[in-house]
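Asks: The following block contains a protein sequence and its predicted model.
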Amino acid sequence: MQQKPIILWLRRDLRLSDHPALTAASSLGRPVIPVFIDDPETQSLGAAPRWRLGLSVASLAQGLAACGSRLILRQGPALAVLRALIAETGADMLHWSRLYDPQSIARDTEVKAVLKAEGIAVKSHSGHLLFEPWTVETGQGGPYRVYTPYWRAVRDRPVAPALPAPAQIPAPEVWPATDNLDDWQMGAAMRRGAAVVERHAGVGEAVAQRRLADFLDGPVLSYKEDRDHPDLPATSRLSENLTYGEISPRQIWHAGWRVLHDTSSASAEHFLKELVWREFSWHLLHHFPQLPQENWRAEWEAFPWRGASADLTAWQRGMTGEPFVDAAMREMYVTGTMHNRARMIAASYLTKHLLTDWRLGLAWFEDCLIDWDPAANAMGWQWVAGSGPDAAPYFRVFNPAGQAEKFDRAGHYRRCFIAEGQRQPPQTALDFFAACPKSWGLAPDQPYPRPRIDLAEGRARALEAYQRGKKSPEIK
């Protein structure tokens with residue numbers, strides 16, 4: 001008789017190499033049934049992340065098929081789907097890679113408790129992070145709240161070597177039924193924007209590995225100096241692939257350390273520090289799960305943030321009249337991503353010059369970014385707004401014009417995404433109008449909007465609001 005199969009529940013680990021859960025399941029010599037579940041948590045993703053996740057699922061399905069396995073697709077609440085699959089196949093063991101956001105933790109805790117009570121062996125594995133959040137503690141015990149001490153604590157910590165892809169994934173004699181991925185319509189909310197963004201997406205494990213190799217082959221050596229210039233090809237672009245687990249942080253870490261060892265490059269170390277910034281964000285989200293919803297600093301609850309307004313709408317549509325800000329917002333609509341320097345400028349403009357609640361910006365990014373990461377998104381917005389851990393001081397107000405002069409002096413980045421006023425705008429600038437909703441009524445031959453607010457006036461207004469808030473007993 002054939003041995004009982006093992007179910008491998010895939011989530012944000014859509015790769016074959018350095019996959020501890022896959023390796024552990026395959027090593028037992030029993031049939032392995034990989035499954036991806038379109039559950040309520042997955043269905044709640046924003047338009048761009050859900051669409052991009054569908055591309056990653058399709059890519060992994062091809063990779064599994066190439067090595068004699070299959071990806072089984074099922075839709076519904078995870079616990080109900082897994083119980084049904086166990087009943088169908090006779091499986092008595094379940095493996096998965098751990099996740100650390102509050103929704104996933106709640107779901108996984110219930111699944112593990114129920115299935116264990118029913119006699120199913122449930123094994124969870126690392127793979128999404130370099131360091132499990134509960135293993136990094138301050139000298140006094142408890143989580144870190146500031147990045148620099150966190151970096152010092154983990155910089156020289158051992159990181160297990162990356163695992164090769166299994167030589168074989170044992171298959172069952174009979175495969176259970178599977179849904180058709182197209183029937184899930186994971187890109188429905190993207191509408192016409194999907195065709196534009198897809199030209200810029202780098203989907204799958206092979207693309208992720210190639211991106212890493214290309215980056216470490218040259219750009220990493222000038223990363224520290226060039227990373228803030230959105231007009232230069234100076235970044236790895238791996239955030240998109242990390243989001244879906246198409247590459248592991250361990251693979252990036254060890255490859256980066258090899259370059260650092262061979263070159264002693266400060267830029268290579270800076271790249272590793274950025275990878276650890278991602279770790280720090282997840283460290284915080286794990287220990288403080290309210291991070292995406294609540295001001296980290298409780299005193300900011302009294303701050304007079306503005307809600308929905310015409311200013312917010314203009315910002316969302318890349319029509320603020322501030323070219324650097326608008327280029328950033330349009331880049332997101334065209335490519336699904338946004339350069340990190342541009343993210344800071346766009347976020348600062350919304351929260352400082354337009355005094356708009358950071359949570360509204362966070363929600364817009366959550367819907368529009370194909371590299372959306374719940375921890376990094378929350379950490380980034382609160383850092384810029386001034387309400388978060390290790391935050392930039394509130395009086396640090398990015399001036400979009402000054403930032404453009406410093407980081408886009410020749411105007412290449414702005415011209416790349418703003419068509420208005422150009423006799424022959426590049427395709428990327430025109431693509432914004434092809435990707436954005438028709439209901440916005442935008443066209444490249446329309447006049448470029450006037451600024452929503454004078455930059456000096458906006459900065460003064462922000463600082464005045466901050467000073468008024470300090471007089472409240474809640475803001476000190």
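Replies: Sure thing, it's come through.
Asks: in the stretch 1-150 of the chain, which spans are strands?
Replies: Using DSSP state E, counting those that start in this stretch, the strands found in the stretch 1-150 of the chain span residues 6-10, 32-38, 72-75, 93-97, 121-125.
Asks: if you skip the residues just before and after it, what's nearest to the spatially most central residue of the chain?
Replies: Most central in the chain under C-alpha atoms, centre = their mean is D373, positioned 2.6 Å from the mean C-alpha point. In space, and not counting its chain neighbours, D373 is closest to T243: 5.5 Å by C-beta to C-beta, 6 or more residues apart in numbering. In this view, the C-beta of every residue, glycine as well, is placed from N, C-alpha and C.
Asks: Check the contact between that neighbour and W372; I expect there is one.
Replies: Yes - counting by C-beta atoms under 8 Å, T243 does reach W372; the two are 6.6 Å apart.
Asks: Between those two, which has more neighbouring residues?
Replies: Neighbour tally, T243 and W372, criterion other C-beta atoms under 10 Å: the higher count belongs to W372, 24 against 21.
Asks: how near is that one to W364?
Replies: Distance of W372 to W364, computed by C-beta to C-beta, to the nearest Å: 11 Å.
Asks: what's the answer for L455, then?
Replies: Where W364 is concerned, L455 sits at a distance of 22 Å (C-beta to C-beta).
Asks: residues touching W51, list them.
Replies: If you count contacts by C-beta atoms under 8 Å, 6 or more residues apart in numbering, W51 has them with M186, G187, A189, M190, A194, V197, I370.
Asks: What count of nearby residues applies to the nearest residue to D408 once chain neighbours are set aside?
Replies: Leaving aside its chain neighbours, D408 sits nearest to D231 (5.4 Å; criterion: C-beta to C-beta, 6+ apart). A count of neighbours around D231, defined by other C-beta under 10 Å, yields 17.
Asks: One more: H283?
Replies: H283: 27 neighbours (other C-beta under 10 Å).
Asks: where's it, which helix or strand?
Replies: Assessed by DSSP states H and E, H283 sits inside helix 266-287.
Asks: Return the distance of the lowest-mean-pLDDT helix or strand in the chain from the chain's centre.
Replies: In the chain, no helix or strand scores lower on mean pLDDT, DSSP states H and E than helix 455-470, which sits at a mean of 88. Here helix 455-470 shows a centroid-to-chain-centroid distance of 31 Å under the convention C-alpha atoms, centre = their mean, to the nearest Å.
Asks: any weak-confidence spans in the stretch 151-300 of the chain?
Replies: Along the stretch 151-300 of the chain, no part satisfies pLDDT under 70.
Asks: Strands along that one, start to end?
Replies: Under DSSP E, counting those that start in this stretch, the stretch 151-300 of the chain gives no strands.
Asks: how about the helices in it?
Replies: 181-184, 193-197, 205-216, 223-226, 239-243, 249-263, 266-287 (DSSP state H, counting those that start in this stretch).
Asks: Run the angle between the longest one and helix 205-216 for me.
Replies: I take that to be helix 266-287. Angular relation of helix 266-287 and helix 205-216 on a 0 to 180 degree scale: 130 degrees, by axes from the mean of the first three to the mean of the last three C-alpha atoms, to 10 degrees.
Asks: can you count the residues close to D183?
Replies: With other C-beta under 10 Å as criterion, D183 counts 10.
Asks: ok, now which ones touch A160?
Replies: Applying C-beta under 8 Å, 6+ apart, the residues near A160 are R250.
Asks: so how far is L163 from H353?
Replies: 48 Å.
Asks: which one of these two has more residues nearby?
Replies: H353 (27 against 18).
Asks: Check that one and give its pLDDT.
Replies: Per-residue confidence (pLDDT) for H353: 97.
Asks: can you check the one 3 residues further on too?
Replies: Here the pLDDT value assigned to T356 is 98.
Asks: Same check on the one 3 residues further on?
Replies: R359 is assigned a pLDDT of 98 by the prediction.
Asks: And for I475?
Replies: For I475, pLDDT reads 43.
Asks: what's the neighbour count on P5?
Replies: Neighbour number of P5 under other C-beta under 10 Å is 25.
Asks: From what I see, L442 and R317 are in contact.
Replies: Yes - if you go by C-beta under 8 Å, L442 and R317 touch, sitting 7.0 Å apart.
Asks: how near is the residue nearest to D373 to H229?
Replies: For T243 relative to H229 (C-beta to C-beta), the value is 23 Å.
Asks: how far away is A106 from Y100?
Replies: 12 Å.
Asks: more crowded one of these two?
Replies: Y100 (21 against 12).
Asks: Apart from its neighbours in sequence, what residue is nearest that one?
Replies: Y100 sits nearest to H286 (C-beta to C-beta, 6+ apart), 4.7 Å away.
Asks: contacting residues around the one you found?
Replies: By C-beta under 8 Å, 6+ apart, the neighbours of H286 are Y100, P133, W134, P143.
Asks: any chance of those in JSON lines, with distance to P447 too?
Replies: Formatted as JSON lines, those follow (distance: C-beta to C-beta, whole Å):
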{"residue": "Y100", "distance to P447": "47"}
{"residue": "P133", "distance to P447": "50"}
{"residue": "W134", "distance to P447": "55"}
{"residue": "P143", "distance to P447": "51"}
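Asks: I'd like to know which of the residues you listed are buried.
Replies: Y100, P133, P143 (16 or more other C-beta atoms under 10 Å).
Asks: Would you mind measuring from the second one to L285?
Replies: Spelled out, that is P133. Counting by C-beta to C-beta, the gap between P133 and L285 amounts to 8 Å.
Asks: Which neighbours do those two have in common?
Replies: The contact lists of P133 and L285 share Y100, where a contact means C-beta under 8 Å, 6+ apart.
Asks: Break the chain down into its domains, please.
Replies: Per the record, the chain has its domains at 1-127, 129-158+194-287, 298-467, by automatic domain parsing.
Asks: Make CSV out of the ones you listed and add distance to E173.
Replies: Listed next are the domains of the chain as CSV, based on distance: least, C-beta to C-beta, whole Å:
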stretch, distance to E173
domain 1-127, 6
domain 129-158+194-287, 28
domain 298-467, 38
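Asks: which stretch among the ones you listed comes nearest L181?
Replies: domain 1-127 (5.9 Å; C-beta to C-beta).
Asks: residues touching T263, list them.
Replies: L221.
Asks: show me where pLDDT drops low in the stretch 301-450 of the chain?
Replies: In the stretch 301-450 of the chain, residues with pLDDT under 70: 391-392.
Asks: Helices of that one, start to end?
Replies: Going by DSSP H, counting those that start in this stretch, the stretch 301-450 of the chain shows helices at 310-316, 323-335, 340-348, 358-368, 374-385, 400-407, 412-417, 427-435.
Asks: Run through who's touching the fourth one.
Replies: Here helix 358-368 makes contact (C-beta under 8 Å, 6+ apart) with 46-49, 292-293, 305, 307-308, 312, 315-316, 332-333, 336, 343, 346-347, 350-351, 372, 374, 377-378, 381-382, 384-385, 387.
Asks: now the last one
Replies: Defining contact as C-beta under 8 Å, 6+ apart, one finds that helix 427-435 is touched by 192-193, 195-197, 318, 330, 333-335, 415-419, 422, 442-444.
Asks: 6 Å - rerun?
Replies: G193, V196, R330, Y333, V334, C416, F417, I418, A419, L442, P444 (C-beta atoms under 6 Å, 6 or more residues apart in numbering).
Asks: No further questions, thank you.
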